[in-house]
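Asker: 3D model of this:
(2 chains)
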Amino acid sequence: MNKSKNLGVSSRDENLSQWYTDTVLKAGLVDYAPVRGSMVIKPHGYALWEQIQKELDRRFKETGHQNAYFPLLIPESFLKKEAEHVEGFAPEVAWVETAGSEPLEERLAIRPTSEAMICHMYAKWINGYRDLPILINQWANVMRWEKTTRPFLRTTEFLWQEGHTVHATKEEALKETLLMLEVYKDTVQDFLAVPLVYGQKSESEKFAGAVETHTIETILPDGQALQMGTSHYLGTNFAKAFDIWFQDKDKTRKHPFQTSWGVSTRLIGGLVLTHGDDKGLILPPKIAPIQIVIVPIAAEKNPKVNEVSLKIKDDLVEKGFKVTYDNRENLRPGFKFNDWELKGVPIRIEIGPRDLEENSCMVARRDKGSKEKIKIENISETCEFLKSDIQKNLFESAKNKMESRILEGKKTEEIKKAIDSKKAIWIPWNPENKDLEAEIKEKTKATIRCLNPTDESVAQDGSKTKIKALFSRAW
RNA sequence: CGGGGACUAGCGCAGCCUGGUAGCGCGACUGUUUUGGGAACAGUAGGUCGUGGGUUCAAAUCCCGCGUCCCCGACCA
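Answerer: Residues are numbered from 1 along each chain as shown, chains lettered A, B, ... in the order given. I've put the predicted structure just below:
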């Protein structure tokens, strides 16, 4: 690679952080905007978000949810109603205090999340059990004034979806919480090919105002965890704070049970960090906005190259592939190969005069870097195979690598060593006994990413437990 | 939010220490030859040196404030 041309990215192994910044910028996913922590999501990056949206939205609707849209601005008094909630978000909230030159009577928060606004509305809408369940999702932007920002992974403003549901019974709400975690898990693993660990959050790590938080996380190449989505069981905490009541079948007035769940553009960050290499992005075929790029060689002198390329393109489009024909005249083929590799396109077809003589073309796969000669009549079959094989290969190799970064330990003393060697580690844990969690964080910077069931073991305080905790540092 | 670094043409950088007419490479544009892993030659265009103050006859260069970014730590989808 010719780095002096400045089209390359830095080494992934040497400095993952720098590699990430280079890659998202040079692959054209984002650009920095003038306000600290804010970014432009450029077309190639936004196309990834659109793919994620499309896939999730379909699954939300299949599970009975509807989309709606709630306002951006939340009166300060609403935000204050749930004590833990306001405390959790207070440091990150941006406020609107004036309109034109007039100071507002009440400050308005730019939503850091929408529980307050949505619960206020739900209180109006819910009267009896026949009004339940309410299963609403919204696609929106939110704002959190973060201290350290990185494109996609943590930005001041970000795009996400937030589901907010209301149920007559606790069982139904708990079931919903886990159902949506399952939807996230399937989408991320199957569609983004990003392997996950998942489970419940500890008390200290859960969402401000929730009873339970369930999470999906991936362990990145540097051994650090990235939280990629959360699903919360809110119990009646918000119903009480926002005065949401319903009259049940037994004629008594009750608070309903709620959930909320969300994933954000951070998913794109996780996708990039999981699959890239020193040439740039690698996109799994299912999410790739461009699955196949066709690069013609010496087409200006050989009109037939153009003709055949376009025919192949049409055939592949007809078969349902997302195909781009790169007929830019001013660039040589070698440049185009590198350019599309940087952008992560999974399959590349090369066609030149030599191929025409043999009725063949070259087909290259981005994940392994290999290429082979294929008869033109077999192209769509080959692409069909590559589409599923690349998807499978990316997930399996990412999964193996992730698993090699997760250790099974017995004692809390093992945590430091694991963290120092860039690993995450499971430790038998008694969640009731919390002081040690803070101490471990102090000493090792590792936090509990999630809790999972395990065989009966001895916990940190010598008690018997059937729970283990995954410790790692977090991005 | 602390500690360190950066900001000069679209991109990457030199110039700053020691103040005195803004430079290099890549890219862009025009033309010709090229095209199977980042093309070659010739010509052309492109800059209020991040921003606001100060010192000076004179500031990209020295001093102070502010902004944004990067790296490393403390807090978080």
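Asker: quick check, residue A:89 in a strand?
Answerer: No. Secondary structure of residue A:89 (DSSP: H, G, I helix; E, B strand; the rest coil): helix, not part of a strand.
Asker: For it, give me its contacts.
Answerer: If you count contacts by Cβ atoms under 8 Å, 6 or more residues apart in numbering, residue A:89 has them with A:79, A:112-113, A:144, A:208. No exception for glycine: its C-beta is placed from N, CA and C like everyone else's.
Asker: One more: residue A:74?
Answerer: A:108-111, A:114, A:116-117.
Asker: Kindly report the same for residue A:366.
Answerer: A:282-283, A:341, A:344-348, A:390.
Asker: again, 10 Å this time
Answerer: A:275, A:277, A:279-285, A:288, A:293, A:340-341, A:343-348, A:386, A:390, A:394 (Cβ atoms under 10 Å, 6 or more residues apart in numbering).
Asker: from these, which ones fall inside helices?
Answerer: Taking DSSP state H, the ones among these that sit in helices are A:275, A:340-341, A:343, A:386, A:390, A:394.
Asker: Okay, the nearest residue to residue A:189 once chain neighbours are set aside and residue A:285: tell me how far apart.
Answerer: Excluding its sequence neighbours, the residue lying closest to residue A:189 (Cβ to Cβ, 6 or more residues apart in numbering) is residue A:196, at 5.9 Å. Distance of residue A:196 to residue A:285, computed by Cβ to Cβ, to the nearest Å: 19 Å.
Asker: Reformat the contacts of residue A:89 as a markdown table; add neighbour count and secondary structure.
Answerer: Formatted as a markdown table, those follow (neighbours: other Cβ atoms under 10 Å; DSSP: H, G, I helix; E, B strand; the rest coil):
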| residue | neighbour count | secondary structure |
| --- | --- | --- |
| A:79 | 22 | helix |
| A:112 | 22 | coil |
| A:113 | 24 | coil |
| A:144 | 20 | coil |
| A:208 | 18 | coil |
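Asker: So which of those residues is the closest to RNA strand B?
Answerer: Lowest distance from RNA strand B to the contacts of residue A:89 (Cβ to the nearest atom of the strand) belongs to residue A:144, with 5.2 Å.
Asker: The closest one: what's its closest spatial neighbour, skipping adjacent residues?
Answerer: In space, residue A:144 is closest to residue A:92, 4.1 Å off (Cβ to Cβ, 6+ apart).
Asker: Is the spatially most distant residue from the centre of chain A within a helix or a strand, and which one?
Answerer: Distance to the chain centre peaks in chain A at residue A:357, reaching 46.0 Å (criterion: Cα atoms, centre = their mean). Under the criterion of DSSP states H and E, residue A:357 resides in helix A:353-358.
Asker: Show the pLDDT at the residue nearest the centre of chain A.
Answerer: The residue lying closest to the centre of chain A (Cα atoms, centre = their mean) is residue A:267, at 1.7 Å. Residue A:267 carries a pLDDT value of 96.
Asker: out of the contacts of residue A:89, who's nearest residue A:306?
Answerer: Minimum distance to residue A:306 across those is 50.1 Å, recorded for residue A:144 (Cβ to Cβ).
Asker: Now do that closest one, the pLDDT please.
Answerer: 91.
Asker: how far away is it from residue A:18?
Answerer: According to Cβ to Cβ, residue A:144 stands 25 Å off from residue A:18.
Asker: burial count for residue A:275?
Answerer: Other residues lying near residue A:275 total 21 when counted by other Cβ atoms under 10 Å.
Asker: Give me the pLDDT for it.
Answerer: In this model, residue A:275 carries a pLDDT of 95.
Asker: What sits closest to it if chain neighbours are left out?
Answerer: residue A:282 (4.2 Å).
Asker: With residue A:184 instead?
Answerer: Per Cβ to Cβ, 6+ apart, closest to residue A:184 is residue A:229, 4.3 Å.
Asker: Quick one: residues contacting that neighbour.
Answerer: A:56, A:160-161, A:180-181, A:183-185, A:187-188, A:196, A:198, A:214-217, A:261-264, A:266-267, A:270.
Asker: give me that answer again for 6 Å
Answerer: Residue A:229 sits next to A:184, A:216, A:263 when contact means Cβ atoms under 6 Å, 6 or more residues apart in numbering.
Asker: that older thread, could you check the distance from the residue nearest to residue A:144 over to RNA strand B?
Answerer: The gap separating residue A:92 from RNA strand B is 7 Å, by Cβ to the nearest atom of the strand, to the nearest Å.
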